[in-house]
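Participant: Please find the sequence and the predicted model below.
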Amino acid sequence: MAPPSGKRSGGSKGRPDRRGTGPDKPVRKPSVRALAEHDTEMQFRVRAARGDAARGVEVLDGLDRRHREGGDG
């Protein structure tokens, strides 16, 4: 049963605030970076398994370069 005022109870949990940022904002950037790093590692492993070690090393060098520059993957 809804409260008499017609408003939902529980506050704004899970909804964006007035600035347009939701509760997941602090974890979004690290999550994207982790996914990009995982994807790059998988590319390396596939190329290494296929015998293209030189291309695999190029992929890892690119990841290292972006990491040093502070990029997001």
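Facilitator: Here it is on my side, so go on. Residues are numbered from 1 along each chain as shown.
Participant: Using the three-state scheme, assign residue 30.
Facilitator: What DSSP: H, G, I helix; E, B strand; the rest coil gives for residue 30 is helix.
Participant: measure it to residue 66 for me?
Facilitator: 15 Å (C-beta to C-beta, to the nearest Å). C-beta here means a position set from N, CA and C on the backbone, and glycine is covered the same way.
Participant: between the two, which one's more packed in?
Facilitator: Shown here are residue 30 and residue 66; by other C-beta atoms under 10 Å, residue 66 has more neighbours (16 against 10).
Participant: Just the pLDDT for that one.
Facilitator: If you check residue 66, the pLDDT there is 84.
Participant: just residue 27 next, same as before
Facilitator: For residue 27, the model assigns a pLDDT of 78.
Participant: Look up how far residue 37 lies from it.
Facilitator: Taken as C-beta to C-beta, the span from residue 27 to residue 37 is 15 Å.
Participant: Same check on residue 46?
Facilitator: 15 Å.
Participant: where in this protein is pLDDT low?
Facilitator: For the chain, the stretches flagged by pLDDT under 70 are 1-21, 71-73.
Participant: again, only this time at 50
Facilitator: Along the chain, segments meeting pLDDT under 50 span 73.
Participant: ok, which stretches of it are strands?
Facilitator: Assignment of strands within the chain using DSSP state E yields no ranges at all.
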